[in-house]
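Novice: need the 3D shape of this:
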Amino acid sequence: MPPPTPFIDRVTNILVWAGISLAAIAHLILIIEIVEWFATGQWPGWSVEDGMLFVGIEEPLAYFNVVQFALDIATDLPLAVGLYFFGLSIFFSALNLEPENHQA
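Specialist: Reported below is the predicted structural model:
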């Protein structure tokens, strides 16, 4: 297999750090939610939808009932869980960008 190009190396490094960062932020959000829960006695319940609104992304709308149902479930996930899974998926997809070196 040919060696990875400098562009692929840069993209891979960026995606690895983005994935690690999102997974770490998920833990911080979970800690903040737990502290808020102990302080107020109520679970704040931040969802992925709340996180999307925080960064300026509107709630996704679909025209099909099954698709809308799937999007509703995805946006109702807890924000910490959504960020954690999104970070892991970015991290593992970055690992798949590098070609494997097979020696015979």
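
Novice: which residues in this structure form strands?
Specialist: Per DSSP state E, the chain carries no strands over any range.

Novice: what's the pLDDT at the residue nearest to residue 88 when sequence neighbours are not counted?
Specialist: In space, and not counting its chain neighbours, residue 88 is closest to residue 23: 6.0 Å by C-beta to C-beta, 6 or more residues apart in numbering. Just so you know, the C-beta spots here come from the backbone N, C-alpha and C atoms, and that holds for glycine as well. Residue 23 is assigned 88 on the pLDDT scale.

Novice: with residue 59 instead?
Specialist: pLDDT for residue 59: 61.

Novice: show the contacting residues for the residue nearest to residue 48 when sequence neighbours are not counted.
Specialist: Sequence neighbours aside, residue 82 is the residue nearest to residue 48 in space, at 3.9 Å (criterion: C-beta to C-beta, 6+ apart). Under the criterion of C-beta atoms under 8 Å, 6 or more residues apart in numbering, the neighbours of residue 82 are 26, 47, 48, 51, 74.

Novice: what does residue 58 give?
Specialist: residue 52.

Novice: next one: it from residue 71, what distance?
Specialist: Taking C-beta to C-beta, to the nearest Å as the measure, residue 58 and residue 71 are separated by 12 Å.

Novice: so how many other residues sit close to the residue nearest to residue 88?
Specialist: 18 (other C-beta atoms under 10 Å).

Novice: how about the one 5 residues further on?
Specialist: Residue 28 is surrounded by 11 other residues when neighbours are defined as other C-beta under 10 Å.

Novice: do the same with the one 3 residues further on
Specialist: Using other C-beta under 10 Å, residue 31 has 11 neighbouring residues.

Novice: and residue 64, what pLDDT?
Specialist: Per-residue pLDDT puts residue 64 at 69.

Novice: ok, residue 102 next?
Specialist: pLDDT at residue 102 comes out at 47.

Novice: for residue 17, same thing?
Specialist: You'll see residue 17 listed with a pLDDT of 90.

Novice: CA atoms only: put the helix or strand of the chain with the lowest mean pLDDT into PDB for me.
Specialist: Every helix and strand in the chain was compared by mean pLDDT, DSSP states H and E; the lowest is helix 65-76, with a mean of 75. Provided in PDB are the C-alpha atoms of helix 65-76 (Å, rounded to 0.1, in the frame of the first residue of the first chain):
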ATOM      1  CA  ASN A  65     -43.000   9.700   9.900                       C
ATOM      2  CA  VAL A  66     -40.400   7.000  10.400                       C
ATOM      3  CA  VAL A  67     -37.500   9.400   9.700                       C
ATOM      4  CA  GLN A  68     -39.100  12.000  12.000                       C
ATOM      5  CA  PHE A  69     -39.400   9.400  14.700                       C
ATOM      6  CA  ALA A  70     -35.700   8.400  14.300                       C
ATOM      7  CA  LEU A  71     -34.600  12.100  14.400                       C
ATOM      8  CA  ASP A  72     -36.800  12.700  17.500                       C
ATOM      9  CA  ILE A  73     -35.200   9.800  19.300                       C
ATOM     10  CA  ALA A  74     -31.700  11.000  18.300                       C
ATOM     11  CA  THR A  75     -32.300  14.500  19.500                       C
ATOM     12  CA  ASP A  76     -33.900  13.400  22.700                       C
END
